[in-house]
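**Q** need coordinates for the below:
(one chain, ligands or ions: 2)
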Amino acid sequence: MEHLRDDHSKRNIYIDNQPRLKAIEAYEEKLKQSKKQEEVSVYQSLGRITAQAVFANISSPHYHSAAMDGIAVLAEKTYGANERSPVILKESVDFCYINTGNPVADGYDAVIMIEDVIPEGEGLIKLLVPAHPWQHVRTVGEDIVKGEMIIPSGHKIRAIDIGALLSGGVVVINVLCPVKVGIIPTGNELTRDIETLEKGQIIDSNAWMFQGLVTEAGGLPTVYEPVEDNMKQLEEVICKAINENDFVIVNAGSSAGSKDYTVDIIRSLGEVIVHGIAMKPGKPTILGIIDNKGIIGIPGYPVSAYFSFRNFVEPFIRKLSGSPNDDEKTKAVLSKRIVSSLKHEELVRVTLGKVNGQLIATALNRGAGNTTSLVRADGVLTVPIHVEGIEAEENVEVQLLKPLEIIEKRAVFIGSHDIIIDILSDMMPISSSHVGSFGGLMAKRKGECHIAPIHLMDEATGDYNDAFVKKYFEDGTMSIISGVKRLQGIMVKKGNPKQIKGFADLSRDDVIFVNRQRGSGTRQLLDYELKKQKIDPKEVNGYDWEVNTHMGVAVAVDSNAVDVGLGIYAAADNMGLDFIPVGYEAYEFLVSNDDLNDDRIKKFLEIITSDIFKSSVLSLGGYQLDDIGTIRKIEK
Ligand SMILES: Nc1nc2c(c(=O)[nH]1)N[C@H]1C(S)=C(S)[C@@H](COP(=O)(O)OP(=O)(O)OC[C@H]3O[C@@H](n4cnc5c(N)ncnc54)[C@H](O)[C@@H]3O)O[C@H]1N2
Ligand code: MOO
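**A** Ligands and ions are numbered 1, 2, ... in the order given. As a prediction, the model looks like this:
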């Protein structure tokens, strides 16, 4: 096949927009792969899926065996024994000694426990209680009868099954072959050498994520070396992988870029069934067939890659490997409105929290490159195609990514972000959404969280938080748990190259600023200071660029994207930035009085007042914790 150069006229711009289920249906119709099976030794069969039902070759026990240590007797010889007229038996004539598991010799039909046997000397024993036939004897086939089914087909072999199979005399079984899946990462920029990472290089993380996903689905993965954006090389590796596997994933290069060759190669070697799904993330997925084997072009962005895998690769692996999907679904109420495109079905990562007996779903970052949002996600909700979005407080169905019992134990935090929340999350189960202090107040009002971390300054008094709680909540219903006093200030690059001294410098033409989101306490502090200094926000370059966390500000300053930002000392220190202190502010926790006895709140109080928590926070620098954990009822 002719090698395509990096020619921008060769882009694949004609990609479809097939609804997901239609695409799967079309693919299933064309891709007729069937299950394969093999024989394996039972000893090595853990985790394998049976291809057929397995029947016992022998009974278990396969002889009448003693169930207790004692003596074997013929029951009828013991009849009538009692305290007044004991039965005397003679060894080797009327009885023999026997241990648990020993065969019960012919001529005997019962076992008497040694505790009930009274030795009389000279090979004689005395019995005060008669035996009944087959007492304390495990008769042939008590556990398994020869010819009986031990396990059905499609069953995943567990340790206990191995025991039963061997007891039934089965040493070899037929199991389904796991689907072999070849994983080919592509792209000149890929590297696996994280130590020498250079600008423009991308760490190949997807291949290893796929390796895990294939294994979890019951398949057998093979990860190939990354292939450069060279059509000939890619074609060679695809041919090799098709030969060696049942299914092949080609990762990245599935879209419309000038080096996106995958679709052309599949078309030349086989057939492209669908290119482009009406689903986001995961739109530029390619469903193809070569030599009656599935080959799927999966988009490069990790989140797109994940969803594309779960929807188009995993079902095939599971079907052919006989490994059913045990994902669970749950109902929840949406906290904030989700806007969605009419042209695509959207798969939205959400966190879940149980507040006032109700599961609440909150959408996470929707960027296709945002892997941490997948890590944090408790579930996925699907906004159907042709739907503009879902309103707040609507009921939704969420496909769970984590067990519900873990989700339900967590204290739900919605509000302002601070690094101490990260420390806390390592010490107790919590879920936290960072929507700023005002967002937290509103979430608390709607009953969507247990705790709203807030730091809102009352411009009239300079005091923090109480005035806002009095304004937005019914009197006497809320408390504030004292948190930390944290040092806010201006973050600048190491050495302060632009010689920034205070808020007045933010209006300089040569200074670029990064802001916090509207509704955050830090944003409020900035606006307060700008007003004090009579600086119009329009004069501040970058006033409209918002990030959601203190670390987000620090990273923006550190990465040279901007010169200056406002945030806490600990974030600046973490990034090695210089810091001009502005003052301490109270970062506190708003809770409902009704929740003060909730186990999650009690646990929270126990942790934040513990020495280990306090020393972790103090080691960050820029924090004072004098009255942390003190509860203040908010009353007018
Ligand atoms: N003009 C258009 N551009 C794009 C479209 C489109 O329809 N028209 N679709 C966008 C969408 S949606 C997606 S998704 C991406 C998919 O792009 P590709 O599959 O072609 O992937 P690349 O461009 O090669 O890579 C994108 C991105 O993915 C990350 N990546 C790639 N490989 C790996 C790996 N092995 N491990 C981790 N991460 C990986 C990396 O950040 C790449 O920059 O196209 C849009 N563009
Ligand atoms: O559909 Mo792309 O897969 O949004 O990121």
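**Q** kindly report the residues of the chain close to ligand 2.
**A** For the chain, the contact set with ligand 2 under CB under 6 Å from any ligand atom comprises 280-283, 299, 301, 304, 368. Where C-beta positions appear, they are placed from N, C-alpha and C, glycine not excepted.
**Q** show me just the buried residues among those residues.
**A** Neighbour-count burial within the residues of the chain next to ligand 2 applies to 280-283, 299, 301, 304, 368; the criterion is 16 or more other CB atoms under 10 Å.
**Q** also near ligand 1: which of these, exactly?
**A** Judged by CB under 6 Å from any ligand atom, the overlap between those and the neighbourhood of ligand 1 comprises 281, 283, 299, 301, 304, 368.
**Q** just to revisit the earlier point, export the residues of the chain next to ligand 2 to a markdown table and tack on pLDDT, secondary structure and distance to Lys633?
**A** Supplementary listing: these in a markdown table, determined by pLDDT from 0 to 100; DSSP: H, G, I helix; E, B strand; the rest coil; distance: CB to CB, whole Å:
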| residue | pLDDT | secondary structure | distance to Lys633 |
| --- | --- | --- | --- |
| Lys280 | 94 | strand | 47 |
| Pro281 | 95 | coil | 46 |
| Gly282 | 94 | coil | 50 |
| Lys283 | 93 | coil | 52 |
| Pro299 | 94 | coil | 53 |
| Tyr301 | 95 | coil | 49 |
| Ser304 | 96 | helix | 49 |
| Ala368 | 84 | coil | 46 |
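**Q** distance to Ile150 added to these, as JSON lines?
**A** Shown next, in JSON lines, are these (distance: CB to CB, whole Å):
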{"residue": "Lys280", "distance to Ile150": "47"}
{"residue": "Pro281", "distance to Ile150": "45"}
{"residue": "Gly282", "distance to Ile150": "42"}
{"residue": "Lys283", "distance to Ile150": "47"}
{"residue": "Pro299", "distance to Ile150": "45"}
{"residue": "Tyr301", "distance to Ile150": "47"}
{"residue": "Ser304", "distance to Ile150": "44"}
{"residue": "Ala368", "distance to Ile150": "47"}
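**Q** return the closest of the ones next to ligand 1 among the buried ones among the residues of the chain next to ligand 2 with respect to Glu405.
**A** Closest to Glu405 out of these is Pro281 (28.7 Å), distances taken as CB to CB.
**Q** the closest one: what's it in contact with?
**A** For Pro281, the set of contacting residues under the criterion of CB atoms under 8 Å, 6 or more residues apart in numbering consists of 299, 301, 303-304, 307-308, 347, 368.
**Q** and the lowest-mean-pLDDT helix or strand in the chain, which residues are buried?
**A** Among the helical and strand segments of the chain, the one scoring lowest on mean pLDDT, DSSP states H and E is strand 430-434, with a mean of 87. Neighbour counts using 16+ other CB under 10 Å place 430-434 of strand 430-434 among the buried residues.
**Q** beyond it, next helix or strand please.
**A** If you walk from strand 430-434 toward the C-terminus, the next helix or strand you reach (DSSP states H and E) is helix 436-445.
**Q** that following helix: which residues count as buried?
**A** Within helix 436-445, the residues scored as buried using 16+ other CB under 10 Å are 436-444.
**Q** helices or strands up against the very next helix or strand once past it?
**A** Downstream of helix 436-445, the first helix or strand assigned by DSSP H and E is strand 452-454. Packing contacts for strand 452-454, counted by 3 or more CB pairs under 8 Å, 6 or more residues apart in numbering; DSSP states H and E, involve strand 411-415, helix 436-445, strand 578-592.
**Q** quick one: low-confidence parts of this structure?
**A** Counting by pLDDT under 70, the chain contains low-confidence ranges at 1-14, 255-259.
**Q** Ala443 and ligand 2: what is the separation?
**A** Between Ala443 and ligand 2 the distance is 28 Å, computed by CB to the nearest ligand atom, to the nearest Å.
**Q** quick one: contacts for the closest residue in space to that residue that isn't next to it in sequence?
**A** For Ala443, the nearest residue in space outside its immediate sequence neighbours is Ile414; the separation is 3.9 Å by CB to CB, 6 or more residues apart in numbering. Neighbour list for Ile414: 335, 362, 432-433, 435, 439-440, 443-444, 448-449, 452 [criterion: CB under 8 Å, 6+ apart].
**Q** what's the burial count for the closest residue in space to Tyr261 that isn't next to it in sequence?
**A** When the adjacent residues along the chain are set aside, Tyr261 lies closest to Met231, with 4.7 Å between them (CB to CB, 6+ apart). Taking other CB atoms under 10 Å as the neighbour definition, Met231 ends up with a count of 19.
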